[in-house]
Every structure is written in C-alpha cells, then in structure tokens.
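K.L.:
A predicted structure for the sequence below; I have some questions about it.
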Amino acid sequence: MMTNNDIFKKLRVALMLRDDQIVEILELVDFRITKSELGAFFRDEKHENYMECGDQVLRNFLNALVIHLRGTKENPKNPNDVLAKHKAQIPVKEGASERAEFKAKPRDEERSRGDESPSKSKPAAKKPFKKQFSKGTPKVQVVEKVKFNFGKNKKS
C-alpha cells in the first residue's frame, strides 16, 4: 500500500516541482509550510529527520494543486500551459545546449541475446526463410488439436 509520502513524492516528480514551487502552491489554500518541513517528507525513512506526511498536508496539497493547474472560476487556466511552464523552468545542465529528452536507443539484436555472448567475428544473422503457400493449397496440419483440461475431471 502506498503511503502519503509515496504519493507526495510521485506527484512532485511527475509534475517536475521544486520545493519552493510546492510551498507557493500550498499557499494558494492558505496552508503554510517551510522548505525544511517539506524536505523532511522526502527524506529516507531511516533518516533521523524523516517525517511522515500527514493526511492534512496531502489533502491541502491536492486541493491547492487543482487550483494551481486549473485556476479559479474567475481566472481559469489551461493545465497543459502550466505544466509546460514548469518544464521550461527546469535548469539546463552545464555543457548541454538544450535539455535532453528521453530517446530509446535502437536495440542491437546480437547484443540483446542472453544465451550467447556477442562476437564481432560472426556475420549478422539473417531472418529465417518463410515458406510461401499459394492460396489454392491449404496448409497441412501436422499436429492434431488437443484440448487441455488442466487436471480437472469434468463429468459430462
């Protein structure tokens, strides 16, 4: 079962929020919390300053988050614009021209095989040849169909 701290951590990561942004969001519902109190929620459970996130804190954060993302009736916002703004505020690492997005690397068929070690001397494996059956000749069934009952004795 997920604890309040786990939920709070996942929301923080998913929304790409910093501690100061979370403090500002909580102030939308007049809930005051310091950065050090907030940091105690994100510590390891074995740490001496770890603190369990209470129901009241999580409830107020969720209510404030709704206001932060959607806005109020008088001043509605587009949640996608707010999230894009958060993404733009993430600092770029030194030496990088722009923030690197996740891109899946193409898999190397030979290296991804677990049963053999990759070797550079082997030529690339070709796809096995598939027999082409013409539409006029039906495919011959080699093995008969078997119905498994998985150990259940059914009386019919």
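P.N.:
Sure thing, it's come through. Numbering: from 1, shown residues only.
K.L.:
separation between Lys35 and Lys145?
P.N.:
The spacing between Lys35 and Lys145, counted by Cβ to Cβ, to the nearest Å, is 67 Å. Using the backbone N, CA and C atoms, a C-beta is placed for each residue, glycine as well.
K.L.:
so which of these two has more stuff around it?
P.N.:
Lys35 (12 against 5; other Cβ atoms under 10 Å).
K.L.:
then the longest helix anywhere in the chain to CSV, C-alphas only?
P.N.:
Counting residues, the longest helix found in the chain (DSSP state H) is helix 55-70. Listed next in CSV are the C-alpha coordinates belonging to helix 55-70 (Å, rounded to 0.1, in the frame of the first residue of the first chain):
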residue,chain,number,x,y,z
ASP,A,55,-3.4,13.4,5.7
GLN,A,56,-4.0,17.1,6.2
VAL,A,57,-0.8,18.1,4.3
LEU,A,58,-1.6,15.8,1.4
ARG,A,59,-5.3,16.9,1.3
ASN,A,60,-4.3,20.6,1.2
PHE,A,61,-1.6,20.0,-1.4
LEU,A,62,-4.1,18.2,-3.7
ASN,A,63,-6.7,20.9,-3.3
ALA,A,64,-4.0,23.6,-4.0
LEU,A,65,-2.7,21.7,-6.9
VAL,A,66,-6.2,21.7,-8.5
ILE,A,67,-6.3,25.5,-8.1
HIS,A,68,-2.7,25.8,-9.4
LEU,A,69,-3.4,23.8,-12.6
ARG,A,70,-6.9,24.7,-13.4
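K.L.:
give me the angle between the helix or strand just after that helix and helix 55-70.
P.N.:
Toward the C-terminus, helix 55-70 is succeeded by helix 79-88 as the next helix or strand (DSSP states H and E). Counting by axes from the mean of the first three to the mean of the last three Cα atoms, to 10 degrees, helix 79-88 lies at 100 degrees to helix 55-70.
K.L.:
buried sites along helix 79-88?
P.N.:
Going by neighbour count (16 or more other Cβ atoms under 10 Å), nothing in helix 79-88 comes out as buried.
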